[in-house]
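Asks: predicted structure and sequence below. I'll ask about it afterward.
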Amino acid sequence: MKLAQIFQDIEETQFLKNLSSHDRLCFIGEAETLEYLKTFFNNHKPLDNNYYHNLSSCNLDNISTIGQDLNKYKAIIVVSLKNEAQLFQEVKQKITDLNLNLPVVRLFADVFINLLCQRKLLQSSCDRIQKPEISYAILTTPRSGSTYLCELLESTTIAGHPTEHLRLAAQELALYCNFDYIRLLHNLMQYRTTSNKVFGTKLISHFLFEFRQTKPDFKQIFNSIDKFILLVRRDKVAQAVSLVLAQKTEIWHIRHNIKNISYQSRLENINIDNALLKNVEQKYEFINHQEARLKKILAAHQIEPLQLEYEDIVEDAKSQINRILDFLEIAQPQHYIMNINSEIKKMPSNLSQEIIRQFKQRKSTVC
């Protein structure tokens, strides 16, 4: 994969944009990567006062020519898509030899991980992990209502901060840059907990299965987390239609009226034809296949998850949240009053209902 595409995928986390708020940084690494960073920062900073040490034209020994000028910088950031860990050790040793008291961090293994853990960026991520009291993961397929469920759990204030931590950015780094996503998971488990030491995350099926192609051992995900929740949606046709419309409109969630107006406007440009219905059929099969794979992998790891259905959550959210808290054995504090809420609005439309009707009619005719 091309370097620019990797960084564009990572930027869904606002990674480099956040880093651009820091100044006087010394980047050491490969020419192409440094050039990309330099261009990005020039476009996002009024003044770029960073230093870029290109190892393609100047080897690591040449860094000594900068000498004490290195002390002008806040930190050295090691940049390598090929072998960040090795270059980090070499740079750190060189800084030690120069008797410089300057932090040395890795762009991905430190800065990126710290961003997702909501820590200060220019420090080392944690090597020794202290496990939370309770950890859990929600496993699910796309458009199952998982974001809605995560927001409800977040609003309890006692069920961690469940969200989709291991998704596109971590996946691309793991596939192409030898990124240790288990290190990311363990840091999240230490730093992204509620005050009662509960950690929650969400794993969407297609992202989860991509990690099987990468190092480290995929099994560590299941060995690291205590309990699992499997979220499914009974109405797979409605789920498939929701996925198709989200991809076509590029609107995945609605939290306010302005977004809803935009969504309704984009729906007007969608025609129901054979191509659209075929797309729904493909998504319908994809969702069923992905759900079957999730159940299979849970069984392979001898995990008995708590299975929830989206429709039950919509009907009675409070009772389903209580089921989760009981399953996770999360104690409710004395005098605790549960006030659950989510800003996400439902996204039904006349168009989606008509697509569902035509799809079911077509399917029954074929059968």
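Replies: Everything's here; your move. Numbers count the residues shown, from 1 in each chain.
Asks: I'd assumed residue 339 was in a strand, is it?
Replies: No - the assignment for residue 339, made by DSSP: H, G, I helix; E, B strand; the rest coil, is coil rather than a strand.
Asks: burial measure for it, as a count.
Replies: By the measure other C-beta atoms under 10 Å, the count of residues near residue 339 is 9. The way it works is simple: take the backbone N, C-alpha and C, and place the C-beta from them, glycine included.
Asks: same thing with the one 10 residues further on?
Replies: Applying the criterion other C-beta under 10 Å, we find 15 residues in the vicinity of residue 349.
Asks: that one contacts residue 267, doesn't it?
Replies: Yes - under the criterion of C-beta atoms under 8 Å, residue 349 is in contact with residue 267, at a separation of 5.7 Å.
Asks: shared neighbours, those two?
Replies: By C-beta atoms under 8 Å, 6 or more residues apart in numbering, residue 349 and residue 267 have these common neighbours: residue 245.
Asks: what's next to the helix or strand hosting residue 184, contact-wise?
Replies: According to DSSP states H and E, residue 184 maps onto helix 181-191. With C-beta under 8 Å, 6+ apart as the test, helix 181-191 has contacts from 109, 112-114, 116-119, 125-126, 129-132, 135, 165-166, 170-171, 173-174, 199, 201, 211, 214, 216-217, 220-221, 224.
Asks: are any of those residues buried, and which?
Replies: Among the contacts of helix 181-191, those buried by neighbour count (16 or more other C-beta atoms under 10 Å) are 109, 112-114, 116-117, 119, 125-126, 129, 132, 135, 165-166, 170-171, 173-174, 199, 201, 211, 214, 221, 224.
Asks: measure residue 30 to residue 118 for me?
Replies: Distance, residue 30 to residue 118, using C-beta to C-beta, to the nearest Å: 29 Å.
Asks: ok, and the closest non-adjacent residue to residue 28?
Replies: For residue 28, ignoring the flanking residues on the chain, the nearest one in space by C-beta to C-beta, 6 or more residues apart in numbering is residue 53 at 4.5 Å.
Asks: the one you found belongs to a strand?
Replies: Yes - if the criterion is three-state DSSP, then residue 53 is within a strand.
Asks: now do the SS call for residue 285.
Replies: When the structure is split into helix, strand and coil by three-state DSSP, residue 285 lands in helix.
Asks: tell me how many other residues crowd it.
Replies: Neighbourhood size, residue 285 [other C-beta under 10 Å]: 12.
Asks: can you check the one 10 residues further on too?
Replies: Per other C-beta under 10 Å, the neighbour tally for residue 295 reads 15.
Asks: same check on residue 17?
Replies: Neighbouring residues of residue 17 were enumerated by other C-beta under 10 Å; the total is 12.
Asks: packing partners of the one helix or strand it maps to?
Replies: Secondary structure assignment for residue 17, by DSSP H and E: helix 15-19. With contacts defined as 3 or more C-beta pairs under 8 Å, 6 or more residues apart in numbering; DSSP states H and E, helix 15-19 has these neighbours: helix 31-44, helix 113-116.
Asks: using CSV, write out every CA atom in the longest one.
Replies: Translated: helix 31-44. As requested, C-alpha coordinates have been extracted for helix 31-44 and formatted as CSV (Å, rounded to 0.1, in the frame of the first residue of the first chain):
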residue,chain,number,x,y,z
ALA,A,31,12.9,10.2,3.2
GLU,A,32,9.5,9.5,1.8
THR,A,33,7.8,9.4,5.1
LEU,A,34,9.5,12.6,6.3
GLU,A,35,8.5,14.4,3.2
TYR,A,36,4.9,13.4,3.7
LEU,A,37,5.0,14.7,7.3
LYS,A,38,6.7,17.9,6.3
THR,A,39,4.1,18.6,3.7
PHE,A,40,1.2,17.8,6.1
PHE,A,41,2.6,20.1,8.8
ASN,A,42,3.3,22.9,6.3
ASN,A,43,-0.4,22.8,5.4
HIS,A,44,-1.7,22.6,9.0
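Asks: and it, which residues are buried?
Replies: The neighbour-count criterion (16+ other C-beta under 10 Å) identifies 33-34, 36-37, 40-41 as the buried residues of helix 31-44.
Asks: and the helix holding residue 184, what's its mean pLDDT?
Replies: Helix 181-191 comes out with an average pLDDT of 95.
Asks: can you give me the offset of it from its chain's centre?
Replies: Chain-centre distance of helix 181-191: 12 Å, with C-alpha atoms, centre = their mean, to the nearest Å.
Asks: quick check: buried residues in it?
Replies: Taking 16+ other C-beta under 10 Å as the criterion, helix 181-191 shows 181-191 as buried.
Asks: hang on, the earlier thing: what packs against the next helix-or-strand element following the helix holding residue 17?
Replies: The first helix or strand that comes after helix 15-19 along the chain, using DSSP H and E, is strand 25-29. In terms of contacts (3+ C-beta pairs under 8 Å, 6+ apart), strand 25-29 is packed against strand 51-54, strand 75-79, helix 84-97.
Asks: now the ones you listed as TSV including distance to residue 25 and mean pLDDT?
Replies: Supplementary listing: the helices and strands packed on strand 25-29 in TSV, determined by distance: least, C-beta to C-beta, whole Å; pLDDT from 0 to 100:
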stretch	distance to residue 25	mean pLDDT
strand 51-54	7	90
strand 75-79	6	95
helix 84-97	13	90
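Asks: pick the most buried one from these.
Replies: Mean neighbour count, computed with mean count of other C-beta atoms under 10 Å, is highest for strand 75-79 among the helices and strands packed on strand 25-29, reaching a mean of 23.
Asks: give me the contact list for that one.
Replies: With contact meaning C-beta under 8 Å, 6+ apart, strand 75-79 is reached by 25-30, 33-34, 37, 70, 84, 87-88, 91, 95, 102-107, 111, 122.
Asks: I'm done for today, thanks for sticking with me.
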